[in-house]
Every structure is written in C-alpha cells, then in structure tokens.
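Colleague: below: sequence and its predicted model.
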Amino acid sequence: MQSLRGPIRIRTLTTLRWLAVGGQISAILIVHFVFGFPVELGLCLGAIAASAWLNIFAALRFSPQRFLSDAEATAYIAFDIVQLCVLLFLTGGLQNPFALLILAPVTIAASVLPLRQTILVAALALAGVGVLGLTHLPLPWRPGESLIFPPMINGGAWVALSFAVAFFAAYAHRIAQEAAQMRSALAASQLVLAREERLAALGGLAAAAAHELGTPLATIQLTAKEMANELKGEGLLEEDARLLVEQAQRCREILGRLSKGGAEADAMMDRIGLDLLLKEAAAPFIDARLGPAVIFEMRGPAGEEPPVLRRRPEIIYGLRNIIENAVAYGRSKVLVSADWSTADIEIEVHDDGRGFAPDILGRLGEPYLGRRARERGARSGGLGLGFFIAKTLLERTGADLVFDNRPWPEGGEAGAWVAVRWPRAAAEAR
C-alpha cells in the first residue's frame, strides 16, 4: 500500500524546519539571557545554524515545488532528529522538558513515508533517546547550583519517551495508511461511476449525433438528385447519381431510427420499474450455466405494482457488484428480492454459501481489508474494494446497507445476506 501515499514537497519540510529553528533560537536565548541559566551558547547556536544552513542550501539548490523521493525525505527528517538530539545533549538530555519534541519528526515521517523508512526513522529516534538517557551535559540551572534527578525519574523518562516514539510512529503510520487507502478507493469509485455515466449517456449522444448529421445529409441528398436530373441519359454516370441518392436516403432512414431509439433510450434511462431494475442488475449472471440460479422475488403489498425508480448508474453498478459476489460464493442459488412500503424500498441479496467470515463481517465496506483478514475464513479472498465501491455508490443515492449471515427459510447453513434500503421519496421517480 506504499504506492498510495502521495509525494512530499521540499517546501513543506523546509517550512517546518524554519519553525523549529525559530523555536530553538527563542528557547536558547530566553533560557540564557532572561532566566540567567548558563548554556553552551556557541555550541547550541552552531547546531541551530546547521539546520538554517541546510534550509538555505535547499532553497538555493532546489525548486520549492520539487517532490522528494522516499530516500531524500528520510535523510531530511533523520538530520532533524540528529540535530535535535545534539541540542538536547547540550542542554540536559532527557531531563530537558523539550525532549518530547523528538516525537515531531517521527510523527511526520510516519505520516508521509513507507513502512520501511518509518521504521528506520523511529529506530534512529530510539537510538538518540537511548544515548541521551546514558550521557549528556548537565541541565542548565542557576549558577553555583546543580539540579540532579533521581535515577528512577531518569529511567522513567527514558522508558516513557521510548514508548511514545514507538506508539506515535505506529499510530501515525496506521492513520496515514488508512487515509491513503480511502483516497485510492474513492478514486476507483469515481472512475467506475464515470464509466457507468458514459454508458448511460450513449443513447442521448446517438440521438444528438443523428440530429446534427441530418442537415448535411439532406444537403447531400438534394445535390445528388440535381446531379441525377442533369445526367439523365448519360448511362453509367446517371446510374451512379441515382445510387448516391438512394444511399443518402438510406442513411437518413438509419439516422431516423437511431434518433428515435436514442429518445426512447433517454425515456427508459430516466425511469425503470423495481422488478426490471433487479433483472438488469443481475443480467450478466442470469444465464450463467455453471453458476448458481438467480431467483427474483417481489414481496410488496398484494396487488400493488412495483414502484418506478429513477434509473441511476450508481444503483445499477452497486447492486450488480453485490449480486456478482453472491453468485461467486453461492452454492446453488441466489435470491434477489425486493420489498416496498409507503416509507421505504428495500432490496435483499441472499446466497446459500458459507456466508461472510466472522472476523471481517464487521469491516465489510472498508477498502483494502488487512492481509490476515483476507487469508482467514470463507469469503475473505478479495481486497474489499468491490464492496467498498458498491457501498459508496449506493450510499450516494441515499441508501443504507446492512451485511449479515442468515439461514435460508428451508434451513441449512447461514449464507451471506445484504440489504439495501432507501427512503421511498429518495429513490422513486417523480
């Protein structure tokens, strides 16, 4: 999943470093001149100047919009950790309250770098914390006095900061990884929806093309008739002119049918009965010779016709994806049923397979399920992206989805069951 992360601009890291340089200079000068605590001023300012010099070099050498490679960003952040450890070494080590700032570069690295580079940065930070816990210059304090912490306090600070580095690295990396996965899955959903919308628009485009081509074709036909009249008695030339007139007339008839078909397609696209919607969504799997039988069932009020819905590509594709999954894992049959009332419309897809694996049932609808979840149990062999796309597209239409395992009415194991429910006002065509 590393490829899902976006690159980081050099301007971002240099800006953060300038903020760190400003904060470090302010802290050193205030401690030394305001509080009167003796500080290794020359060495501290030298360490801060190294950061400033590197920022100036980067600004002169590279464009601010340049994207850093993973290796470059790792080196950039590693320098910040080393520079901060040097400053802490000169100002009391882990006894310095500002020691917790070592978490900042670790968190940044975990947010923008792949796992391997994140581990390297975290390991460097842990090594720095270990060194600072063992050796450092005394904490700046009043002249003639020394502030000595008990060994238990020093050890506790070392343990707490080490755990904090590991925790922040793992937590930030996990959050960034899930955000990157979500962006990728949403982009895939947008591509799928765009394709479905293009297919839905073909009828209208055909009608528009037929209308636009009608005028030049009429001109061609009229010109061909005049040519045929002028070439009367010219033998083959007259026959060619007559043939041109006939073919032009034939083209106009084809365009007329195409235009009519496009208009009819537009009307059909706008409205579709609930029963026809289910059949269209399941159409690729109805005649499958080797797959389970797809059974349709209408459960609405007796004597009432199925409601007419707005035909939307999101609904067609989302339901088709769910039905495809049921056909792939069902043993012998898949039940696609619809129920409606004055308040809502519900579609259920139920197969007689082994059902969803218990360890992923609560996570269905998330993109890129973890490897362990995919490797264990039934129905956990995919990445989860298909369910995520279906869930996202259907929810865009106002639907709520529920996933569960339910037994068939005549008994047997609990098969996978998916329910999609809309408020009737949101789905019905008006």
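Modeller: Okay, I see it.
Colleague: and residue 345, its phi and psi?
Modeller: Torsion angles at residue 345 (phi, psi; degrees, to the nearest 10) stand at phi -130, psi 130.
Colleague: beta partners of it?
Modeller: Counting by DSSP bridges, residue 345 is bridged to residue 340, residue 422.
Colleague: any idea how many residues pack against it?
Modeller: 23 (other C-beta atoms under 10 Å). Just so you know, the C-beta spots here come from the backbone N, C-alpha and C atoms, and that holds for glycine as well.
Colleague: that one is in contact with residue 307, isn't it?
Modeller: Yes - judged on C-beta atoms under 8 Å, residue 345 makes contact with residue 307 at a distance of 6.3 Å.
Colleague: overlap in contacts, these two.
Modeller: By C-beta atoms under 8 Å, 6 or more residues apart in numbering, residue 345 and residue 307 have these common neighbours: 274, 424, 427, 428.
Colleague: list the contacts for the nearest residue to the last one once chain neighbours are set aside?
Modeller: Excluding its sequence neighbours, the residue lying closest to residue 428 (C-beta to C-beta, 6 or more residues apart in numbering) is residue 307, at 5.3 Å. Under the criterion of C-beta under 8 Å, 6+ apart, the contact list for residue 307 reads 273, 274, 300, 340, 345, 424, 427, 428.
Colleague: now render these as JSON lines, adding secondary structure, distance to residue 82 and pLDDT.
Modeller: JSON lines is the format used below for these (DSSP: H, G, I helix; E, B strand; the rest coil; distance: C-beta to C-beta, whole Å; pLDDT from 0 to 100):
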{"residue": "273", "secondary structure": "strand", "distance to residue 82": "69", "pLDDT": "89"}
{"residue": "274", "secondary structure": "helix", "distance to residue 82": "66", "pLDDT": "92"}
{"residue": "300", "secondary structure": "coil", "distance to residue 82": "70", "pLDDT": "86"}
{"residue": "340", "secondary structure": "strand", "distance to residue 82": "67", "pLDDT": "93"}
{"residue": "345", "secondary structure": "strand", "distance to residue 82": "62", "pLDDT": "94"}
{"residue": "424", "secondary structure": "helix", "distance to residue 82": "64", "pLDDT": "90"}
{"residue": "427", "secondary structure": "helix", "distance to residue 82": "60", "pLDDT": "86"}
{"residue": "428", "secondary structure": "strand", "distance to residue 82": "65", "pLDDT": "87"}
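Colleague: tell me which residue lies farthest from the centre of this structure.
Modeller: Distance from the centre of the chain peaks at residue 233, with 71.5 Å (C-alpha atoms, centre = their mean).
Colleague: so how far is residue 240 from that residue?
Modeller: According to C-beta to C-beta, to the nearest Å, residue 233 and residue 240 sit 14 Å apart.
Colleague: again with residue 285
Modeller: 52 Å.
Colleague: which is the next helix or strand following the helix or strand of the chain with the lowest mean pLDDT?
Modeller: Within the chain, no helix or strand scores below helix 371-375, which has a mean of 43 by mean pLDDT, DSSP states H and E. Next helix or strand after helix 371-375 toward the C-terminus (DSSP states H and E): helix 385-396.
Colleague: pull out the buried positions in that following helix.
Modeller: Applying a neighbour-count criterion of 16 or more other C-beta atoms under 10 Å, one finds 385, 386, 387, 388, 389, 390, 391, 392, 393, 394 buried in helix 385-396.
Colleague: closest to residue 147 among the residues you listed?
Modeller: Distance to residue 147 across the buried residues of helix 385-396 (C-beta to C-beta) is lowest for residue 388, with 55.7 Å.
Colleague: state the distance from that closest one to residue 73.
Modeller: In terms of C-beta to C-beta, residue 388 sits 29 Å off from residue 73.
Colleague: again, but for residue 326
Modeller: Residue 326 is 45 Å from residue 73, by C-beta to C-beta.
Colleague: ok, these two, which is more surrounded?
Modeller: Higher neighbour count among residue 326 and residue 73: residue 326, with 27 against 23, using other C-beta under 10 Å.
Colleague: give me the phi and psi for the more buried one.
Modeller: Main-chain torsions, residue 326, degrees, to the nearest 10: phi -70, psi -40.
Colleague: begin at 3, not 1, for the rest of this chat.
Modeller: In the new count, where the first residue is 3, that last one comes out as residue 328.
Colleague: which segments of this structure make up each domain?
Modeller: Structural domains assigned to the chain are 4-196, 204-272, 284-429, following automatic domain parsing.
Colleague: residue 287 and residue 242: which is more packed in?
Modeller: residue 287 (19 against 15).
Colleague: I figured the more buried one was touching residue 325, is that so?
Modeller: Yes - if you go by C-beta under 8 Å, residue 287 and residue 325 touch, sitting 6.2 Å apart.
Colleague: anything in contact with each of these two?
Modeller: Here residue 287 and residue 325 share the contacting residues 296, 336, scored by C-beta under 8 Å, 6+ apart.
Colleague: what's the distance between residue 156 and residue 310?
Modeller: 75 Å.
Colleague: contacting residues around residue 243?
Modeller: Residues near residue 243 by C-beta under 8 Å, 6+ apart: 226, 229, 230, 233.
Colleague: next one, pLDDT for it please.
Modeller: You'll see residue 243 listed with a pLDDT of 78.
Colleague: name the helix or strand for the spatially closest residue to it that is not a sequence neighbour, please.
Modeller: Distances taken as C-beta to C-beta, 6+ apart put residue 230 closest to residue 243, at 3.7 Å, once the chain neighbours are dropped. Remark: residue 230 resides in helix 204-232, with elements defined by DSSP H and E.
Colleague: any quick PyMOL command for the buried ones out of the contacts of residue 309?
Modeller: The buried subset of the contacts of residue 309, as determined by 16+ other C-beta under 10 Å, is captured in PyMOL by this line:
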select buried, resi 276+302+342+347+426+429+430
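Colleague: closest one of the contacts of residue 309 to residue 33?
Modeller: Set against residue 33, the nearest of the contacts of residue 309 by C-beta to C-beta is residue 429 (66.4 Å).
Colleague: what residues does residue 277 make contact with?
Modeller: 298, 300, 308, 340.
Colleague: in the helix or strand encompassing it, which residues are buried?
Modeller: Using DSSP H and E, residue 277 maps to helix 276-283. Applying a neighbour-count criterion of 16+ other C-beta under 10 Å, one finds 276, 277, 279, 280, 283 buried in helix 276-283.
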